[in-house]
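Participant: Predicted model and sequence follow; I will ask about them next.
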Amino acid sequence: MDFRTELSAFLRSRRARLGPEDLGVRPFGGRRRVPGLRREELADLAGVSVDYYIRLEQGRTHNVSDNVLDAVARALRLDEAERAHLGHLTRALRHPASTPPVPQPVRTGVRILLTALGEVPAYVLGRRLDILASNQAARALFTDFEALPSGQRNAAWLIFLDPAVRGLYPDREAWEESARGTVAALRLDLGRYPCDDRLCDLLGELSVRSEDFRALWAEHHVGEHSYGIERLRHPTAGELTLRRETLRLPGEGDQCLITYAAEQDTPSHSALAGLGAPQRCGAGNATGLRRPERPTARTPKKTLSLDRSTV
């Protein structure tokens, strides 16, 4: 992963979404050929020299202070997740060593909780958005996670590369909302663990095999998994409107519990209550569709670049 390119593209994308009129500053120079703030305007807002900001945006400033990053973040109006991501990227330039995979065991108490949730679909997400554990309701709603190869037991892989999971969304808008949030969380993970070989492998596969992933990745959105409305169309339960919640697990910094609940006395609540176990069909999943084969060839780790110019 080229983190100099990643940092540069991230800062450029954040500049592009703001204009001088948004911040009440006097435009610098004459005719504008690109959207958003110019480097000179941002440097002035952040209180740093233009040369210093240019070096930061080009990834040529390895010892940038937190005070400068905070000033740049305020000037760009970054939210908490984006500010954290900016810090992660600058640290990745200083510490490029590879990170070996670490186990992600799920506590016994969390597994008991999953079962106790009954008809509320729930699963545990870990690093790289790996699905580490799930209850029967979640497997009935989405797919039999535990029957999948380990490399496919991943929320990003499923939403972009599994046609059956993608087919659960009733329209493009519903799918894209979920997919955009997935990409934002995946990018935040990249900043936290910039040299995770498995994560780089996953990003490489998604960028090669999914045009939708490449387009969303180029937007440089960053964010935590959060709450929201999930609209689905299940082959047996029908139309569902569920409330998705994300709960961080204490003592497990990389793990969170994702739940999908329906409001009481609604058709969705009744449908969830009656949702049975997934029906196996060949090598398929809860929807009865056959799962695509995963190529054995991997994208080379050291040359992977996901900026707009290469994908």
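Facilitator: Noted; the coordinates are in hand. Residues are numbered from 1 along each chain as shown.

Participant: Quick one: residues contacting Arg15.
Facilitator: Arg15 makes contact with 36-39, 42, 76, according to Cβ atoms under 8 Å, 6 or more residues apart in numbering. C-beta here means a position set from N, CA and C on the backbone, and glycine is covered the same way.

Participant: at 10 Å instead, please
Facilitator: By Cβ atoms under 10 Å, 6 or more residues apart in numbering, Arg15 lies in contact with 34-39, 41-42, 57, 75-76.

Participant: quick one: which helix or strand includes it?
Facilitator: helix 3-16 (DSSP states H and E).

Participant: out of the contacts of Arg15, which is most surrounded?
Facilitator: Within the contacts of Arg15, neighbour counts (other Cβ atoms under 10 Å) peak at Leu37, which reaches 26 neighbours.

Participant: distance of that residue from Arg209?
Facilitator: Between Leu37 and Arg209 the computed distance is 35 Å (Cβ to Cβ, to the nearest Å).

Participant: Least confident secondary structure element in this protein?
Facilitator: helix 20-23 (a mean of 71; mean pLDDT, DSSP states H and E).

Participant: now that helix: how far from the chain's centre is it?
Facilitator: 29 Å (Cα atoms, centre = their mean, to the nearest Å).

Participant: got it, and stretch 155-167?
Facilitator: Distance, centroid of stretch 155-167 to centroid of chain: 14 Å (Cα atoms, centre = their mean).

Participant: Please apply the same query to stretch 150-170.
Facilitator: 13 Å.

Participant: Number the residues from 58 up from this point.
Facilitator: Sure thing, new numbering starts at 58, so read that last one as stretch 207-227.

Participant: what ranges do the helices span in the stretch 258-368 of the chain?
Facilitator: Along the stretch 258-368 of the chain, counting by DSSP state H, counting those that start in this stretch, helices occupy 268-274, 324-330.

Participant: As a markdown table, the ones you listed with mean pLDDT would be great.
Facilitator: Shown next, in a markdown table, are the helices of the stretch 258-368 of the chain (pLDDT from 0 to 100):
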| stretch | mean pLDDT |
| --- | --- |
| helix 268-274 | 96 |
| helix 324-330 | 93 |
